[in-house]
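Student: let me see the structure of the following:
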Amino acid sequence: MKKTAVDHYKNGRGNCAQAVALAWKDKKQPESEHHSLFSGCGGGRAPEGLCGAVHAACELAGGHQKETIKEQFKARANGQITCKEIRRNRIMTCTECVTTAAELLEELTKETPQQHNLNQKNHAEAQSPQRD
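Tutor: Here you go, the predicted model:
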């Protein structure tokens, strides 16, 4: 997913946050339109000044994964999480932020084999015709 996110970012398919959301869409939720929600989150404009890529990863992961993503990103970015500090101190490039955020999102939302089997079973049941 991180390669896809970087490709989206480098090919101008949106800002850093949108690139992560588009990669999420490609990998996990083809019907998702989340990427449009992040149009104003690049260049330090995400809430609280967060790196836009981190913000998107947090929102897409949801729940308790938000804090985990923030903490793990900070550990890789010399304790920084805001776009302003990351860029001012040249800790990471925007491309590296997109890569890291997408990687954390993928790692922390990965299905276990048991979850995958259950999801496949539920999908198959939903697709089968109802019997009366």
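
Student: gap between stretch 39-51 and the chain center?
Tutor: 14 Å (Cα atoms, centre = their mean, to the nearest Å).

Student: which strand or helix spans the residue nearest the centre of the chain?
Tutor: The chain has Ala57 as the residue nearest its centroid, 3.1 Å off, counting by Cα atoms, centre = their mean. Assignment of secondary structure by DSSP states H and E places Ala57 within helix 52-61.

Student: report the mean per-residue pLDDT for that helix.
Tutor: Confidence over helix 52-61 (mean pLDDT, whole number) is 96.

Student: can I assume Lys28 is in contact with Thr109?
Tutor: Yes. Here Lys28 reaches Thr109: they are 7.2 Å apart, a contact under Cβ atoms under 8 Å. (Glycine included, C-beta is placed from N, CA and C.)

Student: and those two? Which one has more around it.
Tutor: Neighbour count, other Cβ atoms under 10 Å: between Lys28 and Thr109, Thr109 has more, with 17 against 14.

Student: residues near Gln80, how many?
Tutor: Counted with other Cβ under 10 Å, residues neighbouring Gln80 total 18.

Student: and it, its phi and psi?
Tutor: As for Gln80, its main-chain torsions (degrees, to the nearest 10) stand at phi -100, psi 150.

Student: that one and Asp7, how far apart?
Tutor: Here Gln80 is placed at a distance of 25 Å from Asp7 (Cβ to Cβ, to the nearest Å).

Student: over to Gly42?
Tutor: The gap separating Gly42 from Asp7 is 16 Å, by Cβ to Cβ.

Student: related to what we said a few turns ago, could you give the angle of the next helix or strand after the helix holding Ala57 to helix 52-61?
Tutor: Note on helix 52-61: by DSSP H and E, the next helix or strand toward the C-terminus is helix 65-76. Using axes from the mean of the first three to the mean of the last three Cα atoms, to 10 degrees, one finds that helix 65-76 and helix 52-61 are set 150 degrees apart in direction.
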